[in-house]
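[1] predicted model and sequence follow; I will ask about them next.
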Amino acid sequence: MVKLRLTRYGKKIQPLYRIVATDSRNPRDGKFIEIVGRYNPNKNPAEVHLEKDKIQKWITNGAQPSETVYSLLKKNGFYNK
């Protein structure tokens, strides 16, 4: 099953996250299929960059977003259509 979830990168105390499409059996920072966005919680307010066409493609193909990714998508107007 494909999921949209966060994978961590960046420095020790300053995490940055990529929103990726990956197989649900892979570990958090393991291999992924495609990067569909970025999330930087260190800024105030937090920066979120979404590639909406890629996200829409994965959701129509059956990918399930994690709870965190779902809340980020909802806050950025993805589910307000």
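    Happy to help now that I have it. Numbers count the residues shown, from 1 in each chain.
[2] is it fair to say Leu72 lies in a helix?
    Yes - secondary structure of Leu72 (DSSP: H, G, I helix; E, B strand; the rest coil): part of a helix.
[3] ok, the residue nearest the centre of the chain - contacts?
    Among the residues of the chain, the smallest C-alpha distance to the mean C-alpha position (Cα atoms, centre = their mean) belongs to Ile19, namely 2.3 Å. The contact partners of Ile19, taken as Cβ atoms under 8 Å, 6 or more residues apart in numbering, are 4-6, 35-39, 50, 55, 69, 72. In short, each C-beta sits where N, CA and C put it, glycine included.
[4] low-confidence ranges in this protein?
    When residues are selected by pLDDT under 70, those of the chain lie in 81.
[5] quick one on the thing from earlier: nearest to Asp29, of the contacts of Ile19?
    Nearest to Asp29 out of the contacts of Ile19 is Leu6 (Cβ to Cβ; 9.8 Å).
[6] is the closest residue to the closest one other than its chain neighbours in a bridge, and if so with what?
    Across the structure, with Cβ to Cβ, 6 or more residues apart in numbering as the measure, the residue nearest Leu6 apart from its sequence neighbours is Tyr17 (4.3 Å). Beta-bridge pairing of Tyr17 under DSSP bridges involves Arg8, Tyr39.
[7] look up how far Lys75 lies from Tyr17.
    According to Cβ to Cβ, to the nearest Å, Tyr17 and Lys75 sit 15 Å apart.
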